[in-house]
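Colleague: model the following, please.
(one chain, ligands or ions: 1)
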Amino acid sequence: AIPVTELIWHNGKMIKWDDAKIHVLSHVVNYGSSLFEGIRCYETKSGPAIFRLKEHMQRLLNSSKIYRIDVPFSVDELCNAAVELVGANKVSPCYIRPIVLRGYGELGVNPIGCPTEVYMANYAWGKYLGHGGPDDGVDVCVSSWTRFAPNTLPALAKAGANYMNSQLIKMEAILNGYSEGIALDANGYVSEGSGENLFIVRDGKIITPPLGNSVLPGITRDSVIQIADSLGIEVKEQIIPREMLYVADEVFFTGTAAEVTPIASVDKIQVGTGKAGAITKTIRKEFFALIHGEVEDRFGWLTPVKQP
Ligand code: PMP
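Modeller: Prediction:
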């Protein structure tokens, strides 16, 4: 169950959690017409701080633009709303979920004329993948489901409808005893998990699929690339054939939910030692130090929240 908070932001105003309702004949309910974000707010020694808030809100506006939705709020206004919401609900650490949706007005497929609604909620939230120790990886499979082909559902948009594909990947994996599935793209190359980007390590270098392989432009993906660069670890965006997962020295997922999660096995083939590898550990350590404000915020990734 979702841990309830008091308030939800709606089109510029705070409303009660229980009042954040939409009609069953809303466009979004019938056709999946929503764009959304998932953002984390962490505890730091100087109070709660939201991770890469601006980049998330920019991606929300980009996702909306792809679908011809003109969101009546700027990145800054959305960022301010998030800070206000987290402060008002007084839950930290937490997850922040902004949603742009096509509302109630027309029920034809043509959405022109449907009102746009913008909501933002937040609630307490912890670890997503894996329940063992920090160096225990997760066991994953390659999904029998493929990610959407180019020029079908745009992968650069974080749209609700995309997650019908993610649900198929996730359910198949869980029902077969795995924590997560890795989807291949329409050409059979490695794409991403149902809700995570994927990285492999070979011979001391990090490789991740380029954005053309039907991957979401993950904010954590970008963070890991910047962290690796700053630590002098080489990162390449390069097409990854499926079998490279089996011979990689290390494989890990990244995502707002997954953070940096090592992968222990793929299709029951052990990755490296079956525990987090050296480069995964180095990246993860720096990532956690940055998000918790334990090292200087040299990339400017944290937005502090003053809680009354
Ligand atoms: N791919 C998919 C399909 C996702 O849902 C997510 C989570 N938003 C990611 C990758 C990782 O993106 P981010 O690091 O921005 O959370």
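Colleague: for the closest residue to the ligand within the stretch 1-150 of the chain, which non-adjacent residue is closest in space?
Modeller: Nearest residue of the stretch 1-150 of the chain to the ligand (Cβ to the nearest ligand atom) works out as residue 38 at 5.1 Å. Just so you know, the C-beta spots here come from the backbone N, C-alpha and C atoms, and that holds for glycine as well. Closest residue to residue 38 apart from its sequence neighbours, by Cβ to Cβ, 6 or more residues apart in numbering: residue 256 at 4.7 Å.
Colleague: circling back to that earlier point, gap between the residue of the stretch 1-150 of the chain closest to the ligand and residue 123?
Modeller: Counting by Cβ to Cβ, to the nearest Å, the gap between residue 38 and residue 123 amounts to 12 Å.
Colleague: just residue 302 next, same as before
Modeller: 20 Å.
Colleague: what do you get for residue 39?
Modeller: Here residue 39 is placed at a distance of 12 Å from residue 123 (Cβ to Cβ).
Colleague: check the contact lists of the two and give me the overlap.
Modeller: Common neighbours of residue 39 and residue 123, counting by Cβ atoms under 8 Å, 6 or more residues apart in numbering, are 95, 97.
Colleague: between those two, which one's more packed in?
Modeller: Neighbour count, other Cβ atoms under 10 Å: between residue 39 and residue 123, residue 39 has more, with 25 against 16.
Colleague: and the more buried one, what does it touch?
Modeller: Here residue 39 is in contact with 50, 51, 52, 53, 56, 82, 95, 96, 97, 98, 256 (Cβ under 8 Å, 6+ apart).
Colleague: is it in a bridge, and if so with what?
Modeller: According to DSSP bridges, the residues that bridge with residue 39 are residue 96.
Colleague: how about the residues of the stretch 101-250 of the chain near the ligand?
Modeller: Proximity of the stretch 101-250 of the chain to the ligand (Cβ under 6 Å from any ligand atom) is limited to residues 166, 192, 195, 196, 197, 216, 218, 219, 220, 221.
Colleague: name the element the second one belongs to?
Modeller: What that stands for is residue 192. In the assignment (DSSP states H and E), residue 192 maps to strand 190-193.
Colleague: show me where the stretch 151-300 of the chain has its strands.
Modeller: 180-184, 190-193, 197-202, 205-208, 235-237, 250-255, 259-266, 269-270 (DSSP state E, counting those that start in this stretch).
Colleague: mean pLDDT for these - can I get that in JSON lines?
Modeller: Formatted as JSON lines, the strands of the stretch 151-300 of the chain follow (pLDDT from 0 to 100):
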{"stretch": "strand 180-184", "mean pLDDT": "98"}
{"stretch": "strand 190-193", "mean pLDDT": "98"}
{"stretch": "strand 197-202", "mean pLDDT": "98"}
{"stretch": "strand 205-208", "mean pLDDT": "98"}
{"stretch": "strand 235-237", "mean pLDDT": "98"}
{"stretch": "strand 250-255", "mean pLDDT": "98"}
{"stretch": "strand 259-266", "mean pLDDT": "97"}
{"stretch": "strand 269-270", "mean pLDDT": "98"}
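Colleague: can you redo those as CSV with mean neighbour count?
Modeller: Listed next are the strands of the stretch 151-300 of the chain as CSV, based on neighbours: other Cβ atoms under 10 Å:
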stretch, mean neighbour count
strand 180-184, 24
strand 190-193, 26
strand 197-202, 23
strand 205-208, 20
strand 235-237, 15
strand 250-255, 27
strand 259-266, 24
strand 269-270, 12
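Colleague: closest to residue 16 out of those?
Modeller: Evaluated with Cβ to Cβ, the strands of the stretch 151-300 of the chain place strand 250-255 nearest to residue 16, the distance being 30.4 Å.
Colleague: good, wrapping up.
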